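Chemist: Pasted the sequence and its predicted model underneath.
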Amino acid sequence: MARIHVHTHGKSHSTRPTSKTPALWLSLNRDQISDLVLQLAKEGLSPSEIGLRLRDAHGIPLVKPVLGKSMSELLTANNIKSDMPEDLDKLVRKALGLQKHLRVHNSDHRNVRSLELVESKIHRLSKYYKREGKIPKTWKYAAVIAQLE
């Protein structure tokens with residue numbers, strides 16, 4: 001699959017496990033894994049950070065084959081839900097970092113362009129999440145508002 005703003009094709013991430021059955025080496029059962037996920041979420045970790053921690057520290061490649069539902073479904077069922085989807089939140093934080101950098105280094109034209117690209121990704125994602133009902137229809141990204149938050 002091609003990238004959005006560049007003309008390259010590339011490896012995205014590591015390859016996900018192909019098996020739809022739980023891994024044979026797991027020593028934890030369903031309840032222990034769900035408790036572990038909820039405990040990590042209450043510590044303030046995002047779903048992707050929880051997945052990394054489960055993979056690296058506990059040897060759990062995927063949560064869905066074990067629990068029968070995804071991690072986000074589990075968190076939503078237990079009322080642990082963030083107000084903004086994780087990918088949109090990360091893009092907004094990235095834009096804030098670029099804005100802060102450009103306030104100090106205002107002649108950095110390369111990062112002006114990357115800020116424009118990040119903001120276009122934010123607008124594209126926000127349109128999708130509004131359509132899906134995951135963020136309010138009145139939510140709007142504005143660079144001035146983002147600087148204040």
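Modeler: Received the coordinates, thanks.
Chemist: Give me the nearest residue to residue 65, chain neighbours excluded.
Modeler: Leaving aside its chain neighbours, residue 65 sits nearest to residue 22 (4.8 Å; criterion: Cβ to Cβ, 6 or more residues apart in numbering). In this view, the C-beta of every residue, glycine as well, is placed from N, C-alpha and C.
Chemist: ok so that neighbour is a helix residue?
Modeler: No - read with DSSP: H, G, I helix; E, B strand; the rest coil, residue 22 is coil and lies in no helix.
Chemist: how far away is it from residue 29?
Modeler: 10 Å (Cβ to Cβ, to the nearest Å).
Chemist: Look at the two and report which has more neighbours.
Modeler: residue 22 (19 against 10; other Cβ atoms under 10 Å).
Chemist: my guess is the more buried one contacts residue 64, does it?
Modeler: No - between residue 22 and residue 64 there is no contact under Cβ atoms under 8 Å: 9.5 Å.
Chemist: now what about the longest helix seen in the chain, what contacts it?
Modeler: If you go by DSSP state H, the chain has its longest helix at helix 109-132. Contact with helix 109-132 is made by 4-5, 85, 87-88, 91-92, 94-95, 98-99, 101-102, 105, 135-137, 139-141, 143, as judged by Cβ atoms under 8 Å, 6 or more residues apart in numbering.
Chemist: let's see it at 7 Å
Modeler: 4-5, 85, 87-88, 91-92, 94-95, 98-99, 101-102, 135, 137, 139, 141 (Cβ atoms under 7 Å, 6 or more residues apart in numbering).
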